[in-house]
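Enquirer: coordinates for the following, if possible.
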Amino acid sequence: MSKLGTKREMMCRHNDRGVQEIFSSGEHKNITTLKQEKRLLEETGIDRYLSKYIAPYPEAPEFHLSKVAHVTTKRGLDGILKSGGFKGGERSFLWCNLPVDDDDINAAERRYLEKIFPDRTPEQRQMQQPFLSKFTTSPAFRKASRFGNFRFTFSLSDLLMMYRQQICGGEEPVLRVYETVVYKQEIMYTVLVHCPDNKEFEKYPVLGDGSDGSDGSDDAVCAYMRGNIVWRAQAMSKTHAFGLAIDEVNQNVGTEGGGYAWYMWDHVTLAFHLPEGQTLHFDREIVIKNLTTCDADEMFIGVKCGKKGRECVGTCPCEKCLVPLATADEIVEGILCDYKTNC
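Expert: Numbers count the residues shown, from 1 in each chain. Next up, the predicted model:
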């Protein structure tokens, strides 16, 4: 049992960007549980999305994710390159998202089908048409980012190895269930990564691997299994345009028009704890292989706007926050040229 106790109240706070967050520590609250927080959600206006009726959609397909990414602005990129690595930001954390590619979606679709139709014939498998990609349309699945134009992408195993060697003194990092954070339309599940000798975080439950189900991790929102983060997604679309159609007779899954409805979307983030004064260093080969550009999402939240004094949006001209993608490409090309010996 977690030292935080079995009943964890959701509370309000404001993050470094001044945005209101509703959060619960030490637990990943699924959507069914969140809907029971009626008073708090109604007071904050979040209930207007969470309580909506949505046409049937795939329930908790499993994404086994092996990559992590840290996205930043030009200003953040300059700081990373100058220091030769990553430093802790808000709450001394290096924040990383979990990219989901087409192969991940296809694999999750296969797992979902095997779960609901374990006895399909080869002919039924062959008749099945792709369907999950019609639901995976939220920001969690987009190539564009809400945090900037510059993306460092690593395999999760590589980043954990770097963290183990440089920050943990060779010991294995600990992964814990840190928080559920709810915004107007977004649910963020945070997994904390920290050194085993740091006792500050012992009150948070260890992230289970789902091996025996004894800790509930066989159906938890996320788990850590064989080097992957397992995410059981509950809200993949944000705006729903399809409904799920299950043909029990022919053991086939398809879609049908489900109207058009705004809803919540969920995702998982990793927070690597980097104590003040410590840097997770990388060499030039990592920069060459792992730094790319990306478009800024329409929901760009980056940093406080240097010109307007408020949150940036995708069309903001503030050079500290965003640059045109073509300019970002030129910047990265110049950086890679400097790092390559034969340029």
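Enquirer: and the helix or strand of the chain with the lowest mean pLDDT, what does it pack onto?
Expert: Of all helical and strand segments in the chain, the minimum by mean pLDDT, DSSP states H and E falls on helix 38-44, at a mean of 78. Based on contacts counted as 3 or more CB pairs under 8 Å, 6 or more residues apart in numbering; DSSP states H and E, the elements that helix 38-44 packs against are strand 20-25, helix 47-50. (Glycine included, C-beta is placed from N, CA and C.)
Enquirer: in the stretch 151-300 of the chain, which spans are strands?
Expert: In chain order, the stretch 151-300 of the chain shows strands spanning 174-182, 186-194, 222-225, 228-232, 239-247, 252-262, 265-273, 279-281, 291-293, with DSSP state E, counting those that start in this stretch as the criterion.
Enquirer: I'd like these written out as JSON lines, with distance to Ser133 and mean pLDDT added.
Expert: Supplementary listing: the strands of the stretch 151-300 of the chain in JSON lines, determined by distance: least, CB to CB, whole Å; pLDDT from 0 to 100:
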{"stretch": "strand 174-182", "distance to Ser133": "26", "mean pLDDT": "96"}
{"stretch": "strand 186-194", "distance to Ser133": "21", "mean pLDDT": "97"}
{"stretch": "strand 222-225", "distance to Ser133": "21", "mean pLDDT": "95"}
{"stretch": "strand 228-232", "distance to Ser133": "16", "mean pLDDT": "97"}
{"stretch": "strand 239-247", "distance to Ser133": "11", "mean pLDDT": "90"}
{"stretch": "strand 252-262", "distance to Ser133": "10", "mean pLDDT": "84"}
{"stretch": "strand 265-273", "distance to Ser133": "15", "mean pLDDT": "97"}
{"stretch": "strand 279-281", "distance to Ser133": "34", "mean pLDDT": "95"}
{"stretch": "strand 291-293", "distance to Ser133": "22", "mean pLDDT": "95"}
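Enquirer: minimum distance to Gly208: which of these has it?
Expert: For the strands of the stretch 151-300 of the chain, the distance to Gly208 is smallest for strand 222-225, at 5.3 Å, taking CB to CB.
Enquirer: name the residues that touch that closest one?
Expert: Contact partners of strand 222-225, identified using CB atoms under 8 Å, 6 or more residues apart in numbering, comprise 28, 64, 175, 189, 191, 207-211, 217, 229-232, 268.
Enquirer: list the strands paired with it, with their directions.
Expert: Paired strands of strand 222-225, with direction, are strand 228-232 (antiparallel) (DSSP bridges).
Enquirer: next, the angle strand 186-194 makes with the strand it pairs with.
Expert: For strand 228-232 against strand 186-194, the angle by axes from the mean of the first three to the mean of the last three CA atoms, to 10 degrees is 150 degrees.
Enquirer: ok so, going back, could I get the strands of the stretch 151-300 of the chain as a markdown table with mean neighbour count and distance to Gln166?
Expert: As requested, those are arranged in a markdown table below (neighbours: other CB atoms under 10 Å; distance: least, CB to CB, whole Å):
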| stretch | mean neighbour count | distance to Gln166 |
| --- | --- | --- |
| strand 174-182 | 23 | 16 |
| strand 186-194 | 23 | 13 |
| strand 222-225 | 22 | 20 |
| strand 228-232 | 22 | 21 |
| strand 239-247 | 16 | 42 |
| strand 252-262 | 14 | 43 |
| strand 265-273 | 22 | 11 |
| strand 279-281 | 16 | 6 |
| strand 291-293 | 19 | 19 |
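Enquirer: which of those sits closest to Gly84?
Expert: Evaluated over these, closeness to Gly84 peaks at strand 279-281, with 5.4 Å, by CB to CB.
Enquirer: counting by contacts, list what that closest one packs against.
Expert: Here strand 279-281 touches strand 85-87, helix 156-166, going by 3+ CB pairs under 8 Å, 6+ apart.
Enquirer: just the mean pLDDT for the first one, thanks.
Expert: What it means is strand 85-87. For strand 85-87, mean pLDDT is 95.
Enquirer: now do it: which elements does it pack against?
Expert: Short answer (3+ CB pairs under 8 Å, 6+ apart): strand 85-87 packs on strand 279-281.
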